[in-house]
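In: After the sequence you'll find the predicted model.
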Amino acid sequence: MILIYKKKEQINSVEPKGEEIKNLALKVKEIIQSSGCQNEDVIFLCIGSDRSVGDSLGPLVGTMLKEHTVPYRVYGTLENPVHAFNLEDTLKEIKKQFKKPLIFSVDACLGDQNQVGYVFLKDGPLVPGKALKKVLPEVGDYHITGMVNYIDPLPTMQFLNDTRLYTVMNLAKTIVKIITQATGETTGTY
């Protein structure tokens, strides 16, 4: 597994040992602090569905963040997932409640076989559903994605369905560890 922070075309990659997770957590903390937003105006929008193992990364992360009682707003949990059918309504709700929030989108992604298990932190909005050729609104100022599986000539949905829960859980734990370290919150379990 490799953690990558990507800003525009610059890529920094590191092995996900404790020190490297700490460095990525510091990057998230720096982003939050430089935004000038209060904690209640920082949102982690965790996208996905619990009905597909490969797509459950977002709701797992959201649930774990709530269990850790991070000081930020969390949308998208196993109990109340944010997915293709309610994403636009969720974004409308956020726009009503917040003037100018800092949004981190969290989602699963598919890509090259040699990148399964990677975590990416990137500038700019997430385009959810892209691998499945869904047309959904872009969301987030930054996004965190976990590479749950790879794309092959078979139908893409097949790869989300054939994703190992072990991979998704490890990615979720890593992402939660990054976020909780960024907030200084260490209660809860992984």
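Out: Okay, I see it. Numbers count the residues shown, from 1 in each chain.

In: Where does pLDDT dip in the protein?
Out: Applying pLDDT under 70 to the chain flags residues 1-17, 130-133, 153-161, 185-190.

In: Recalculate using a threshold of 80.
Out: Residue ranges of the chain with pLDDT under 80: 1-20, 129-135, 151-162, 185-190.

In: most centrally placed residue in it?
Out: In the chain, the C-alpha nearest the mean C-alpha coordinate belongs to V106, at 1.9 Å (C-alpha atoms, centre = their mean).

In: Can you show me the strands along the protein?
Out: Along the chain, counting by DSSP state E, strands occupy 3-7, 10-14, 42-46, 73-75, 102-111, 119-123, 142-150.

In: Flag every buried residue along stretch 86-97.
Out: Using 16 or more other C-beta atoms under 10 Å as the test for burial, stretch 86-97 gives 87, 90-91, 94. Quick note: C-beta positions are derived from backbone N, CA and C, even for glycine.

In: Ok, stretch 55-68 next?
Out: Judged by neighbour count (16+ other C-beta under 10 Å), stretch 55-68 contains these buried residues: 55-66, 68.

In: same check, this time on stretch 168-180
Out: Across stretch 168-180, burial judged by 16+ other C-beta under 10 Å covers 168-172, 174-180.

In: and which of these is nearest C37?
Out: Closest to C37 out of the buried residues of stretch 168-180 is I179 (15.0 Å), distances taken as C-beta to C-beta.

In: correct me, but that closest one touches A25?
Out: Yes - using C-beta atoms under 8 Å, I179 makes contact with A25 at a distance of 7.4 Å.

In: Indicate which one of the strands of the chain is closest to G36.
Out: Short answer: strand 102-111, nearest of these by C-beta to C-beta, at 8.7 Å.

In: In the sheet, which strands lie alongside the closest one, parallel or antiparallel?
Out: In the sheet, strand 102-111 lines up against strand 42-46 (parallel), strand 142-150 (parallel) (DSSP bridges).

In: Not counting its neighbours along the chain, what's nearest the residue nearest to the centre of the chain?
Out: C46 (4.5 Å; C-beta to C-beta, 6 or more residues apart in numbering).

In: burial measure for the one you found, as a count.
Out: For C46, the count of nearby residues is 29 (other C-beta atoms under 10 Å).
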